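> The following comprises the amino acid sequence and a computationally predicted model.
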Amino acid sequence: MVRSILKKYNIKGGVFDQHFLIDTGYLDRIVDAAELSPQDTVLEIGAGIGNLTERLARRAKKVIAVELDYALVSVLHDRFDTVENVEIIAGDALKVEFPEFDKVVSNLPYSISSEITFKLLRYKFKLGILMYQYEFAVRMVSPPDCKDYSRLTVDTYYFADASILMKVPKDVFQPAPEVDSAVVKLIPRPAPFEVRDEAFFLEFVTAVFGQRRKKLRNSILNTNHVLKIPEIKEVVNQLPEDLMNKRAENLTPEELALVANMIFDLKSR
């Protein structure tokens, strides 16, 4: 079915991160995971030839399909202009303002995974079922003390609960990407810990994971050109010694928030 659509419209893929999921079993499992109801409005980013769109439209109240490639936008219009509950938006998902939606279900372009995920998390929605490069998905959910625990892990945990639902092999795509993929379930929620200043916390996390192999004391001192904390050495000397002697990769998001809050309070005096 998916191959026949690609052949009909002479779509080869390979540009704009285009790797079309051709295995109908995986397509159905992705839609099932979204637990759609006739009341749901679904956002789909990178709708491609509409292989996921058509399945979503059968179960949801409305599907908003965003696509950058005008060749694929033409395919979507040809296939769905007579389908009342599909709205097609032609444009760059990083630049367009999304209409209101309840759920987002997408095979995301891997080159913009981070940017588009954190753009999505600025919107209010109930559930995301999102396909990422497998290694990226692992970094989203890794616990502390693991090599994949990263800034991405902490930032994701701050905004949402994330879990890997399934690994998707590269040979179920056309053209096949060089890596396997994974489908992640993302449930936005309030942060599970308090931060004094969200922008400073996220900046602090970025800074200290930039030197993840150094003890926190040194990573803070070395990245102060980013953090711009006055009297940085005096501030660091007032922070808990046990945390300063650990690396960022060894600290939980809650511990990183504790340090960021203490720095924010000290620099605000």
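Ah, there it is. Predicted model, so just to flag it, every value in this text is computed and none were measured.

> Report the central residue of the protein.
Thr117 (3.0 Å; C-alpha atoms, centre = their mean).

> so that residue, which of the three states?
helix (DSSP: H, G, I helix; E, B strand; the rest coil).

> Could you pull up the residues touching it?
For Thr117, the contact set (C-beta atoms under 8 Å, 6 or more residues apart in numbering) comprises 108, 130, 156, 186. Glycine gets a C-beta too; all of them are placed from N, C-alpha and C.

> ok, 10 Å please
104, 108, 128, 130, 132, 136, 140, 152, 155-156, 159-160, 162, 184, 186 (C-beta atoms under 10 Å, 6 or more residues apart in numbering).

> Looking at these, which is nearest Asp17?
Leu108 (8.5 Å; C-beta to C-beta).

> Surely that closest one and Ala182 touch.
No. Counting by C-beta atoms under 10 Å, Leu108 sits too far from Ala182 to count as a contact (11.2 Å).

> how about the strands of the stretch 101-250 of the chain, start to end?
103-107, 127-133, 160-168, 173-174, 181-188 (DSSP state E, counting those that start in this stretch).

> Among those, show me which one is buried the most.
Stretch with highest mean neighbour count among the strands of the stretch 101-250 of the chain: strand 103-107 (a mean of 25; mean count of other C-beta atoms under 10 Å).

> how far is it from where the chain is centred?
11 Å (C-alpha atoms, centre = their mean, to the nearest Å).

> Report the strands that pair with it, each with its relative direction.
Strand pairing for strand 103-107, using DSSP bridges, gives strand 41-45 (parallel), strand 127-133 (parallel).

> Give me the contact list for stretch 257-269.
154, 158, 191-198, 200-205, 207-208, 216, 220, 227-232, 234-236, 238-240, 243-244, 246, 248, 251-252.

> ok, now with 8 Å
Against stretch 257-269 from outside (C-beta under 8 Å, 6+ apart): 193-197, 200-201, 204-205, 216, 220, 227, 229-230, 235, 238-240, 243, 251.
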